[in-house]
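>>> no FASTA, just this:
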């Protein structure tokens, strides 16, 4: 038993989809979320910078006395999971392995598709992981930078969104992709439209739920579940405006932010 | 006479459009450019964060012994010009006033239009400035968050770009906007398409050139031009990958980066 909180972080808001699934599966655990909203997004930045930012957040969460780190960001999982694991003795979970396992389990005849940010796709993390687990599976991957702003502009059901999917995923459709990993926390909000685009023939993998399942498994395997029986506490840290965060967070959580929300300004030395 | 360099900064790459115009007008001046590529973009962030980031860059450039600061970023100009001016004795120039003056000069019957990032438009900086200079002019303003990724995806001549313009600027067309300020350094790359959209009836204001003219005027008024007669030196600092910067910078400058390019990592203390 271990009553310390679980630390969950993301480049911004999107990781709340993972937070929400963890909360659903583990109602008694205390959760601390860090959203790096002052430096969001990570998806177009370099490996070095994403690793440095991730390490800074991991140090911060470690000071908050967490028992486990969950990287609820595809880009940071792709670029920084390996280095973070070497820098801490805490268990660290990213969103990639859970998504990959679900995609392989659901794979049919056609190739597995992966869509994400430029950095996630360029890292090759998903492609490598899939071919390591099942080297005979074909993988097609594509960066879709327009999809995040489409979601943020609330254009999930617009012709612009349809046209963007046609541009990004037309080839995937021709190749009859059997399962598609939505390797960016914003993309599940486009699930309906993507499903429509593939006429329901492609299995869409949303890593958030898969990741929550893995978190529960690791807690059980290491016997570090909480002993608490009351509802777990929720604490949020963001590096930009807490008000803006609370507003948008409610959309992602499907309910208002329940816990306290603090501003953590990175202190820079010029 | 003052042979010190001019300091120019932006949230990332876009400010190079201003850098380029300054170089064209002032071939003998030494120029230092700072692109905050690790924390780009500023356009969706809070006033407090944009002010803090701008102040950090201004301190850094001051340590580089610049004689003048040019904020080559619409968001930072809108949110941080006032506070920066109180924090330094150096002359500070933003991109807003030059653009506003050009728009007013070219204004006809219809209202003046302004398009930019969420933060720029929400700040009301352009709207305030125009009504202070010519209170009888009508102003219409709109945030267009999709246009930056459209440019970055090189979709400047696509149907998606046309559809986005229709969505954002359809009302402006109906209202017969007489001049339109492109209040984001990426937008000039969409100039042809916007011109086509307005059927050439709307004057498009690109602040970069107007800002360079103002820089020259301030140097002359304060008698702080360089005495040098050889080509000015160019130095670049970025907070993320110098390689990625050099690649994209060439597109914005229309020529390879000529000077040295250094990485400046912000040192954070968790």
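That came through fine. From a predicted model like this one, the values you see are computed outputs, not experimental measurements. Residues are numbered from 1 along each chain as shown, chains lettered A, B, ... in the order given.
>>> distance of residue A:184 from residue A:206?
Counting by C-beta to C-beta, to the nearest Å, the separation of residue A:184 from residue A:206 is 11 Å. Every residue, glycine included, has its C-beta placed from N, CA and C.
>>> looking at the two, which one has more neighbours?
The neighbour comparison of residue A:184 against residue A:206 (other C-beta atoms under 10 Å in any protein chain shown) goes to residue A:184, with 27 against 20.
>>> show me where the stretch 51-200 of chain A has helices.
With helices called from DSSP state H, counting those that start in this stretch, the stretch 51-200 of chain A shows them at A:74-87, A:96-106, A:118-123, A:125-133, A:147-152, A:159-174, A:191-197.
>>> can you redo the ones you listed as a markdown table with distance to residue B:127, mean pLDDT and mean neighbour count?
Formatted as a markdown table, the helices of the stretch 51-200 of chain A follow (distance: least, C-beta to C-beta, whole Å; pLDDT from 0 to 100; neighbours: other C-beta atoms under 10 Å in any protein chain shown):
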| stretch | distance to residue B:127 | mean pLDDT | mean neighbour count |
| --- | --- | --- | --- |
| helix A:74-87 | 36 | 97 | 23 |
| helix A:96-106 | 45 | 95 | 21 |
| helix A:118-123 | 34 | 94 | 21 |
| helix A:125-133 | 45 | 94 | 18 |
| helix A:147-152 | 23 | 91 | 22 |
| helix A:159-174 | 27 | 97 | 17 |
| helix A:191-197 | 35 | 96 | 16 |
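>>> which ones are touching the closest residue to chain B within the stretch 1-150 of chain A?
Using C-beta to the nearest C-beta, residue A:46 is the residue of the stretch 1-150 of chain A that sits closest to chain B, at 4.0 Å. Residues counted as contacts of residue A:46 (C-beta atoms under 8 Å, 6 or more residues apart in numbering or on different chains) are A:119, B:240-241, B:244.
>>> switch the cut-off to 7 Å
Under the criterion of C-beta atoms under 7 Å, 6 or more residues apart in numbering or on different chains, the contact list for residue A:46 reads B:240-241, B:244.
>>> of those residues, list those near chain A.
Of the residues in the contacts of residue A:46, proximity to chain A by C-beta under 7 Å from any C-beta of the partner chain holds for B:240-241, B:244.
>>> select from those residues the one having the most neighbours.
Counting neighbours by other C-beta under 10 Å, residue B:240 comes out on top of these with 24 neighbours.
>>> tell me, what's the model's pLDDT at that one?
The predicted local confidence for residue B:240 comes out at a pLDDT of 96.
>>> that one: what secondary structure?
Using DSSP: H, G, I helix; E, B strand; the rest coil, the structure places residue B:240 in coil.
>>> that one reaches residue A:49, doesn't it?
Yes: counting by C-beta atoms under 7 Å, residue B:240 touches residue A:49, with 4.7 Å between them.
>>> mutual contacts of the two, please.
With contacts taken as C-beta under 7 Å, 6+ apart, the residues that reach both residue B:240 and residue A:49 are residue B:38.
>>> how about the strands in chain A?
Read by DSSP state E, chain A holds these strands, from start to end of the chain: A:6-10, A:31-35, A:68-71, A:92-93, A:112-116, A:139-143, A:179-183, A:203-206, A:234-238, A:260-263, A:267-269.
>>> got the ones you listed as JSON lines, with distance to chain B columns?
Written out in JSON lines, the entries for the strands of chain A read as follows (distance: least, C-beta to the nearest C-beta, whole Å):
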{"stretch": "strand A:6-10", "distance to chain B": "12"}
{"stretch": "strand A:31-35", "distance to chain B": "11"}
{"stretch": "strand A:68-71", "distance to chain B": "14"}
{"stretch": "strand A:92-93", "distance to chain B": "17"}
{"stretch": "strand A:112-116", "distance to chain B": "14"}
{"stretch": "strand A:139-143", "distance to chain B": "9"}
{"stretch": "strand A:179-183", "distance to chain B": "18"}
{"stretch": "strand A:203-206", "distance to chain B": "23"}
{"stretch": "strand A:234-238", "distance to chain B": "10"}
{"stretch": "strand A:260-263", "distance to chain B": "9"}
{"stretch": "strand A:267-269", "distance to chain B": "4"}
